[in-house]
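[1] Sequence and predicted structure, then a few things I'm wondering about:
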Amino acid sequence: MEGHKVPEGARFLDLSDYGRPLAVAIARWAEPRGLSPHLFTLLQALVGFAAATLLPWATAWARVLVFLLLPLKSMLDAVDGTLARLRQRPTRTGRFLDSDLDFLVNLALFGALVPAAGVSPILALVAFGFMELQGSLYHHLYVRYRHAHGGDPSARSREDARAFPYENARLVALLYGVYRVFYGWQDALIRALLQRVCGPCVPDRATMTLVSALGLGFQLVAIGTLVLLGRAAWVPWLFLGPGNLVALGVLARLRRL
């Protein structure tokens, strides 16, 4: 798969995966140098936290940096998994560490909207919840798609603490425990929703392209663009309005499968 999540014949236009070419290039550079995929997982989180820290500054330069850092975070986010797949050693450690840090970065970004744009804490929290649910819808459908097409097995539709034989099972269990706190409610809601809408259906390519607009990479670009334009106060409404409309469109397509 050359670092990709699915074989070439099953690939689709992924609006959230714009950083894949750069991620593959970095992973190919890092692979012979023995660099750990987890190093890039931590690096992308630091970039995300830096963007959240800059957001309340509200200066023109701060807005430009946030706009640049959020897509950079997404690009680096793809390096760890790409590197693991190049080595043919995907890990559950990386799967949970990545997701746990993404949750914290997203929470920091929405928390920063309160002082940065005068957003109500309740509105920020509600919008954060919808952002997470929309991202989880993309994730669960992508997992179904990957498994149906022989793709990366590191994520599962119903997660558990089982580790691959070559990784530290205790660390996986710890990271999974954090994952359950952050994502357990999301996974349960999305699984129940998908079961009700289409049962065990597998999305087609067109549906995957549509739902990829709810992936974290595209979400971060959208947030960064609003910040750059001086419209950070609009960020919550991005997920309460257009994000939910896209999710409804995805569910309508799935019902017809």
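    Done, it's in.

[2] ok, the residue nearest the centre of the chain - contacts?
    Taking C-alpha atoms, centre = their mean as the criterion, Leu216 is the residue nearest the geometric centre of the chain, at 3.8 Å. When contacts are counted by C-beta atoms under 8 Å, 6 or more residues apart in numbering, Leu216 is found next to 16, 74, 77, 102, 106, 135. Placement of C-beta: from N, CA and C, glycine included.

[3] Which single one of those residues is nearest to His149?
    His149 lies nearest to Ser16 out of the contacts of Leu216, by C-beta to C-beta, at 17.7 Å.

[4] What separation is there between the closest one and Leu171?
    27 Å (C-beta to C-beta, to the nearest Å).

[5] between those two, which one's more packed in?
    Each of Ser16 and Leu171 has its neighbours counted (other C-beta atoms under 10 Å); Ser16 has more, 23 against 15.

[6] Let's verify the more buried one: helix, strand, or coil?
    Assigned with DSSP: H, G, I helix; E, B strand; the rest coil, Ser16 falls in the coil class.

[7] Now do the same contact list for it.
    For Ser16, the residues meeting the contact criterion (C-beta under 8 Å, 6+ apart) are 74, 138, 212-219.

[8] quick one, what contacts the residue nearest to it when sequence neighbours are not counted?
    Setting aside the residues directly before and after it, Ser16 is nearest to Gly215 in space (C-beta to C-beta, 6 or more residues apart in numbering), at 2.8 Å. Contact analysis of Gly215 by C-beta under 8 Å, 6+ apart lists 14-17, 135, 138-139, 142.

[9] one more time with 7 Å
    By C-beta atoms under 7 Å, 6 or more residues apart in numbering, the contact list for Gly215 reads 15-16, 135, 138.

[10] in the stretch 151-257 of the chain, which spans are helices?
    169-198, 205-211, 216-228, 235-240, 242-255 (DSSP state H, counting those that start in this stretch).

[11] Could you tell me how far the longest one lies from the centre of the chain?
    In other words, helix 169-198. On the basis of C-alpha atoms, centre = their mean, to the nearest Å, helix 169-198 sits 14 Å off its chain's mean C-alpha point.

[12] which of the residues in that helix are buried?
    Neighbour counts over helix 169-198 (16 or more other C-beta atoms under 10 Å) mark 172, 174-176, 178-179, 182-183, 186-187, 190, 193-194, 198 as buried.

[13] Can you name every helix or strand that that helix contacts?
    Judged by 3 or more C-beta pairs under 7 Å, 6 or more residues apart in numbering; DSSP states H and E, helix 169-198 is in contact with helix 92-117, helix 121-148, helix 242-255.

[14] Mean neighbour count, these: which tops it?
    helix 92-117 (a mean of 22; mean count of other C-beta atoms under 10 Å).

[15] what angle sits between that helix and helix 121-148?
    Interaxial angle, helix 92-117 versus helix 121-148 (axes from the mean of the first three to the mean of the last three C-alpha atoms, to 10 degrees): 150 degrees.

[16] Packing partners of helix 92-117?
    Counting by 3+ C-beta pairs under 7 Å, 6+ apart, helix 92-117 packs on helix 37-54, helix 60-86, helix 121-148, helix 169-198.
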